[in-house]
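Novice: Sequence unavailable; structure follows:
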């Protein structure tokens with residue numbers, strides 16, 4: 001059986017871990033947009049829905065971190081740092097900001113997270 005599977009494996013050549021088109025900061029942005037929407041709706045929710053909203057918001061913050069981590073570690077390579085020297089700091093700040101959104105239902109930290117993801121998207125587009 002291994003021989004049959006092995007015969008289907010062919011090398012792929014790309015500057016990232018998978019061929020281009022697989023990675024996209026939009027995944028982190030979508031989760032961050034959910035966080036912002038939850039924060040904006042939070043004051044008008046019932047007590048029961050507030051508990052659920054906080055749980056969903058925190059889950060989304062973890063997903064933002066996950067998507068940023070994958071993009072940072074699997075897509076961006078050392079050669080990108082020559083064009084984007086603050087890339088590590090930018091990702092660090094965005095990941096920390098995702099954590100900040102878990103501490104509050106205020107929309108300002110969520111908007112700041114979206115702003116940082118927009119900066120990452122700009123850096124991402126510049127590397128294509």
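Specialist: Good, I have the coordinates. Note that the structure is predicted; figures quoted are calculated from it, not measured.
Novice: where along the protein do the helices fall?
Specialist: 2-8, 26-41, 47-70, 78-83, 87-101, 107-126 (DSSP state H).
Novice: Could you check the pLDDT of residue 81?
Specialist: We note a pLDDT of 91 for residue 81 in this prediction.
Novice: hey, which helix or strand in this structure has the poorest pLDDT?
Specialist: Each helix and strand of the chain was given a mean pLDDT (mean pLDDT, DSSP states H and E); the minimum falls on helix 2-8 at a mean of 55.
Novice: want to throw the helices of the chain into CSV with mean neighbour count?
Specialist: For glycine as for every other residue, the C-beta is placed from the backbone atoms N, C-alpha and C. Formatted as CSV, the helices of the chain follow (neighbours: other C-beta atoms under 10 Å):
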stretch, mean neighbour count
helix 2-8, 7
helix 26-41, 19
helix 47-70, 16
helix 78-83, 10
helix 87-101, 18
helix 107-126, 18
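Novice: where does this structure dip in pLDDT?
Specialist: Regions of the chain meeting the criterion pLDDT under 70 cover residues 1-21.
Novice: Please repeat the previous calculation with a cut-off of 90.
Specialist: 1-23, 74, 77, 83, 127-128 (pLDDT under 90).
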